[in-house]
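Trainee: sequence isn't available, so here's the structure alone:
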């Protein structure tokens, strides 16, 4: 899966420009973002696409010296599971942000 990057968005499209995976975030400050949504097209569900999306986002945040909080429930669970590996991108406020699921 090839990911594209825009301000506030990391995503992948498939044939016919169909959205396959997307992560959105908003800037809280110069060095912090809030990951507020992850989406995986039903065609890719249960194939590890969401994990690949989160790993790509974590690497992107690391390379741009950004830290993250999350209000997306999937992103929260993924970062907690990978807390040791990506501790450098997790904001001090990580545990203070309420999570939600966007529909």
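Mentor: Received, thanks. All values derive from a computational prediction rather than experimental measurement.

Trainee: which residues touch residue 90?
Mentor: 67, 68, 79, 83 (C-beta atoms under 8 Å, 6 or more residues apart in numbering). Heads up, the C-betas are built off the backbone N, CA and C, glycines and all.

Trainee: who's it bridged to?
Mentor: residue 68 (DSSP bridges).

Trainee: next one: it from residue 80, what distance?
Mentor: Going from residue 90 to residue 80 by C-beta to C-beta, to the nearest Å gives 9 Å.

Trainee: the strands in the chain, which residues?
Mentor: In the chain, the strands defined using DSSP state E lie at 4-6, 9-13, 19-29, 32-40, 67-70.

Trainee: give the residue farthest from the middle of the chain.
Mentor: Within the chain, the residue lying farthest from the chain centre (C-alpha atoms, centre = their mean) is residue 16, at 23.9 Å.
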